[in-house]
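Peer 1: got a structure for you, letters missing:
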C-alpha cells in the first residue's frame, strides 16, 4: 500500500478500528509494526502518563514498565516530541539530550522488548495543541531515511485528520460512567505495573483463567480489545491507581 492508496482507503473508513488496521498495513511497508498515538499538551507527570497512548499497540508489558518506572520523565523521544517542529528519528532524539544512566537503562530495556529504532511525528493543532505519533519495529532494519520519514509524516497527518472526524462522529463513551469491579481493578493495576497474566494470578492467588475473565470484563466496559489499551484508558479516566 503506497501513500495515495492509504489516503484513499482511510477516507472511506467508518471506525477508528478500521482506520488503525489500514494504517498498520501501510507502516509495515517501512518495517514498522508498532505505533503509539498520544496527546502531548500536558505539564504534570500524571497528566502526561494518562494521555500517553490514546492508541497504542506496543507490548503491554513494556507499557507497564514504562509507566511503573516513570520513563516519561527521561524519554528522549518524548522530550523531542514537545519541542520539534518536524518529524525526527530516535537517533536524532537521543543525540539531542545528554546520555545518562536513566536514558541508557530506558534504551536497553526498550531493546529487550524489541523496540530497537523508530521515528516520531509531532502533529500541531490550533491554539498550541500538540498530538504525536511514535513508530517502531519489532525487528531491526526499519526505514528511517529522509524519504521514509517524510512519507510516514504525511500518512500520520492523514491518520489524524480521519481519526478526528471519526471520533467526533462516535458517541462519547467517557460521558457514561464506567465502574470496574474490584477484581477488574486489581488485574488492571497489576497489568499497568508490567505483570503478565500468570504473575497476576500468582499475586492475587486466583487462576490464570480468572485473570483472563476479569480482563475481558474490563475490556467490554472500556470498549477496548487488548490489555495495553485497557490500562492506558483506565489510567486516563482515573479508574485505576497502580503506583
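Peer 2: Great, that's in hand. It should be emphasised that the depicted structure is a prediction, and the values quoted were computed from it without experimental measurement.

Peer 1: nearest spatial neighbour of residue 184, skipping sequence neighbours?
Peer 2: The spatially closest residue to residue 184, leaving aside those adjacent along the chain, is residue 218, at 4.3 Å (C-beta to C-beta, 6 or more residues apart in numbering). The C-beta positions use only the backbone N, C-alpha and C, and glycine is treated the same way.

Peer 1: Name all residues that make contact with the one you found.
Peer 2: By C-beta atoms under 8 Å, 6 or more residues apart in numbering, the contact list for residue 218 reads 180, 184, 187, 188, 230, 234.

Peer 1: Among those residues, give me the pair with the biggest separation.
Peer 2: Maximum pairwise distance among those (C-beta to C-beta): 10.6 Å, between 187 and 234.

Peer 1: Does anything pack onto the top helix by length along the chain? Which helices or strands?
Peer 2: Longest helix in the chain, counting residues (DSSP state H): helix 146-169. Counting contacts by 3 or more C-beta pairs under 8 Å, 6 or more residues apart in numbering; DSSP states H and E, helix 146-169 packs against helix 3-10, helix 16-28, strand 118-124, strand 130-136.

Peer 1: Which strands or helices does the third one pack on?
Peer 2: With contacts defined as 3+ C-beta pairs under 8 Å, 6+ apart, the packing partners of strand 118-124 are helix 76-81, strand 88-89, helix 90-95, strand 130-136, helix 146-169.

Peer 1: between these, which one is nearest to residue 26?
Peer 2: Set against residue 26 and scored by C-beta to C-beta, these come closest in helix 146-169, at 5.8 Å.

Peer 1: more neighbours, residue 187 and residue 234?
Peer 2: For residue 187 versus residue 234, the count of surrounding residues by other C-beta atoms under 10 Å is larger for residue 187: 29 against 26.

Peer 1: Could you look up the SS state of the residue nearest to that one when sequence neighbours are not counted?
Peer 2: In this structure, residue 187 finds its nearest non-sequential neighbour in residue 214, 4.7 Å apart by C-beta to C-beta, 6+ apart. Secondary structure, DSSP: H, G, I helix; E, B strand; the rest coil: residue 214 is helix.

Peer 1: Next, the contact list for residue 214, please.
Peer 2: 181, 183, 184, 186, 187.

Peer 1: Can I get the helices and strands packed on helix 146-169 in CSV including distance to residue 54, mean neighbour count and mean pLDDT?
Peer 2: CSV is the format used below for the helices and strands packed on helix 146-169 (distance: least, C-beta to C-beta, whole Å; neighbours: other C-beta atoms under 10 Å; pLDDT from 0 to 100):
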stretch, distance to residue 54, mean neighbour count, mean pLDDT
helix 3-10, 17, 16, 94
helix 16-28, 10, 18, 93
strand 118-124, 12, 22, 93
strand 130-136, 8, 23, 93
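
Peer 1: Tabulate the ones you listed (JSON lines), appending distance to residue 193.
Peer 2: Formatted as JSON lines, the helices and strands packed on helix 146-169 follow (distance: least, C-beta to C-beta, whole Å):
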{"stretch": "helix 3-10", "distance to residue 193": "35"}
{"stretch": "helix 16-28", "distance to residue 193": "26"}
{"stretch": "strand 118-124", "distance to residue 193": "24"}
{"stretch": "strand 130-136", "distance to residue 193": "22"}
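
Peer 1: quick one, which of these is nearest to residue 239?
Peer 2: Per C-beta to C-beta, nearest to residue 239 of the helices and strands packed on helix 146-169: helix 16-28, 20.4 Å.
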